[in-house]
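Chemist: Compute the structure for the input listed below.
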Amino acid sequence: MKKPTVLIVDDDAEIIKMVSGLLEDESYGTATASNGADGITRAGEGDISLVLLDIYMPGIDGLETLARLKHTQPDLPVIMISGQATIEAAVKATKLGAADFVEKPLQPDRLLLAVKNTLEKETLRSQKARLEGELREKRVMVGESAAIEKLREEILKAAPSKARVLIYGENGTGKELVAAAIHDTSPRRDQPFVKLNCAAIPKDLMESELFGHEKGAFTSAIARKEGRFDLADGGTLLLDEIGDMSLDTQAKLLRVLEEGEFERLGGKVSIKVDVRVISSTNKDLAAEIKRGHFREDLYFRIAGIPIRVPPLRERREDIPLLADHFIQVFCAENNRPLRELSDDARVKLMAYDWPGNVRELKNVVERLVIMTDEKIITGASVAPLVSAAPARPGGEAAVSGAGSGPSGARSLGDMVDDFERALIATELEKTGWNVSQAAAKLGIDRANLHRKMRRYGICREGETAATDEGE
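Modeler: Numbers count the residues shown, from 1 in each chain. All right, here's what the predicted structure looks like:
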């Protein structure tokens, strides 16, 4: 495989000839320019992986050329070369973004090593950027409901600050996704995002995972180990399911949050870190505090900004969007033709309560993609994968399960009516039976909502519902 192309910019023809020959002997491609202006033009034509740039040249000198290159192509690595370099020039070149500095007279081994190391670093940087981009694409937050829009607004407000965030909600709602979104939109986005599942780590190993340990700190500590606070320095640390952390570890975590430093197990040196801590839990921490299972002082430290992630049953209108998203993901991952959901399949998905939330929906869609051969995924394929238990909008109105009617079969119209009835009841419960507010949230006018309430017999508990037949 052909090696990358290196652009050599120098006003000394002998240097250009010598460096070109040296690089070509190592199978690198070469391009040349005798001044800064020509170098900028040639670099802009593409296919250049690295620039070797002399500092002292007539016209535009090397430092000015470097500044212009970094303005137009910030990711293009540049190695400065000079026989009259000063410390001041070297410092300025580094500040402008030079990857390395090689002095004349050029030593072939030193020059080739600089080129090799710089290109390897650039390859790693570009791979890291690509992987992070792919990861951010996978961490996309899907939905258009009022609940998810409110969540997005809270994320955008919380992200730029230094405040600690407590994310709470049921299992499977996407708390880790919210934490990642806060990190990805914060000033720390280019720094590490480190996660620790407090429920998955044995109690006796938790402190080592958090703070690391020195060699010999305990029997199996055969070498120094960095903890999650070390790894997250400058970035964000997610303490997932913090409600499962032991009281002893909570006390030590509190000290780190208060003082911004910690000691590794078996160590005597305090290590200062700059870490933004985001916590998540599916537990009611206020209740855990009353039971004596969670420290109140730690709660106030981690809950600077509390953010609730709504369960899927509170944003049913997002279910088809999420299902379509997961279908695309799993069809691509499994090299399957793209599938589509039929209308009755969408209705069945929306009518189900999803106790496992988005995680459960994702698993169901994965099974449908893999196990269904037809292009269209029907309600008949969905039905065995979701419970027959009725939906519970607002804890009141129920949606009839499949199997009602004399033959057990139900029409699409019946299922749509069931879903609409449940959705209206949910919004009325949320707004305290304020019909105007509920109508606005549902996107219909007040008179239309009243008609639908009469049609479906929806009324507040203790009241008698009017019906269309009675009009």
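
Chemist: For the rest of this, base every contact and every neighbour count on C-alpha atoms.
Modeler: Fine.

Chemist: Would you map the helices across the stretch 1-150 of the chain?
Modeler: 13-25, 36-44, 62-72, 87-96, 108-138, 146-158 (DSSP state H, counting those that start in this stretch).

Chemist: Now mean pLDDT too, for those helices, in TSV please.
Modeler: Formatted as TSV, those follow (pLDDT from 0 to 100):
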stretch	mean pLDDT
helix 13-25	93
helix 36-44	93
helix 62-72	93
helix 87-96	84
helix 108-138	79
helix 146-158	94
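
Chemist: I'd like the ones you listed as TSV, with distance to residue 280 and mean neighbour count appended.
Modeler: Output for the helices of the stretch 1-150 of the chain, formatted as TSV (distance: least, CA to CA, whole Å; neighbours: other CA atoms under 10 Å):
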stretch	distance to residue 280	mean neighbour count
helix 13-25	53	15
helix 36-44	47	18
helix 62-72	41	19
helix 87-96	39	14
helix 108-138	20	14
helix 146-158	14	16
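
Chemist: can you tell which of the ones you listed is closest to residue 292?
Modeler: helix 146-158 (29.4 Å; CA to CA).

Chemist: Render the CA-only coordinates of the following helix or strand past the closest one in CSV, please.
Modeler: Next helix or strand after helix 146-158 toward the C-terminus (DSSP states H and E): strand 165-168. Output in CSV follows, covering the C-alpha atoms of strand 165-168 (Å, rounded to 0.1, in the frame of the first residue of the first chain):
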residue,chain,number,x,y,z
VAL,A,165,-26.5,16.5,37.5
LEU,A,166,-28.6,13.7,39.0
ILE,A,167,-30.6,11.8,36.3
TYR,A,168,-33.5,9.7,37.6
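
Chemist: Partner strands of strand 165-168, with direction?
Modeler: strand 276-281 (parallel), strand 305-308 (parallel) (DSSP bridges).

Chemist: what residues does the last one touch?
Modeler: This means strand 305-308. Here strand 305-308 makes contact (CA atoms under 8 Å, 6 or more residues apart in numbering) with 151, 154, 158, 163, 164, 165, 166, 167, 168, 169.

Chemist: now for the residues you listed, which pair is the farthest apart?
Modeler: 163 and 169 (19.5 Å).

Chemist: quick one: residue 103 and residue 82 touch, right?
Modeler: Yes. Residue 103 lies in contact with residue 82 (CA atoms under 8 Å); the separation is 5.1 Å.

Chemist: Same drill for these two, tell me which one is more crowded.
Modeler: Each of residue 103 and residue 82 has its neighbours counted (other CA atoms under 10 Å); residue 82 has more, 21 against 15.

Chemist: The more buried one and residue 93 touch, don't they?
Modeler: No. Counting by CA under 8 Å, residue 82 does not reach residue 93; the two are 11.5 Å apart.

Chemist: low pLDDT regions in the stretch 251-400 of the chain?
Modeler: Applying pLDDT under 70 to the stretch 251-400 of the chain flags the ranges 387-400.

Chemist: The same query, at a cut-off of 50, please.
Modeler: Counting by pLDDT under 50, the stretch 251-400 of the chain shows low-confidence ranges at 388-400.

Chemist: quick one: the strands in it?
Modeler: Per DSSP state E, counting those that start in this stretch, the stretch 251-400 of the chain carries strands over the ranges 261-262, 271-272, 276-281, 305-308, 340-341, 376-377.

Chemist: which of the ones you listed sits most buried?
Modeler: Stretch with highest mean neighbour count among those: strand 276-281 (a mean of 24; mean count of other CA atoms under 10 Å).

Chemist: can you list contacts of that strand?
Modeler: 162-169, 175-176, 179, 234-243, 302.

Chemist: so who does residue 330 touch?
Modeler: The contact partners of residue 330, by CA under 8 Å, 6+ apart, come to 336, 366, 369.

Chemist: In PyMOL, how would I select the buried members of those?
Modeler: In PyMOL, a selection of the buried entries from the contacts of residue 330 looks like this (16 or more other CA atoms under 10 Å):
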select buried, resi 366+369
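
Chemist: before we move on, the earlier item: Throw the strands paired with strand 165-168 into JSON lines and include distance to residue 42, thanks.
Modeler: Listed next are these as JSON lines, based on distance: least, CA to CA, whole Å:
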{"stretch": "strand 276-281", "distance to residue 42": "44"}
{"stretch": "strand 305-308", "distance to residue 42": "51"}
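
Chemist: Of all the ones you listed, which one comes closest to residue 13?
Modeler: Closest among the strands paired with strand 165-168, using CA to CA: strand 276-281, at 53.1 Å.

Chemist: How far off centre is the closest one?
Modeler: 14 Å (CA atoms, centre = their mean, to the nearest Å).

Chemist: picking that back up, show me which of the contacts of strand 276-281 are buried.
Modeler: Using 16+ other CA under 10 Å as the burial test, those include 163-169, 175-176, 179, 234-243, 302 as buried.

Chemist: re earlier: mind checking which of the strands of the stretch 251-400 of the chain is nearest residue 147?
Modeler: Comparing the strands of the stretch 251-400 of the chain by CA to CA, strand 305-308 comes nearest, at 10.1 Å.

Chemist: circling back to that earlier point, export the helices of the stretch 1-150 of the chain as TSV, with columns for distance to residue 282.
Modeler: TSV is the format used below for the helices of the stretch 1-150 of the chain (distance: least, CA to CA, whole Å):
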stretch	distance to residue 282
helix 13-25	59
helix 36-44	53
helix 62-72	47
helix 87-96	46
helix 108-138	23
helix 146-158	17
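
Chemist: Of those helices, which is nearest residue 312?
Modeler: Per CA to CA, nearest to residue 312 of the helices of the stretch 1-150 of the chain: helix 146-158, 9.8 Å.

Chemist: Against which helices or strands is the closest one packed?
Modeler: Judged by 3 or more CA pairs under 8 Å, 6 or more residues apart in numbering; DSSP states H and E, helix 146-158 is in contact with helix 175-184, strand 305-308.

Chemist: Could you figure out how far the longest one is turned away from strand 276-281?
Modeler: Just to be clear, that refers to helix 175-184. 160 degrees (axes from the mean of the first three to the mean of the last three CA atoms, to 10 degrees).

Chemist: Relative to the very next helix or strand once past helix 175-184, what are the paired strands and their orientations?
Modeler: Per DSSP H and E, the first helix or strand lying C-terminal to helix 175-184 is strand 193-197. Here strand 193-197 is paired, per DSSP bridges, with strand 236-240 (parallel).

Chemist: What sits closest to residue 29 if chain neighbours are left out?
Modeler: In this structure, residue 29 finds its nearest non-sequential neighbour in residue 5, 4.1 Å apart by CA to CA, 6 or more residues apart in numbering.

Chemist: what's near enough to touch that neighbour?
Modeler: 28, 29, 30, 31, 47, 48, 49, 50.

Chemist: Would you format the strands of the stretch 251-400 of the chain as CSV with distance to residue 321 included?
Modeler: Putting the strands of the stretch 251-400 of the chain into CSV (distance: least, CA to CA, whole Å) gives the following:
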stretch, distance to residue 321
strand 261-262, 44
strand 271-272, 44
strand 276-281, 25
strand 305-308, 21
strand 340-341, 11
strand 376-377, 15
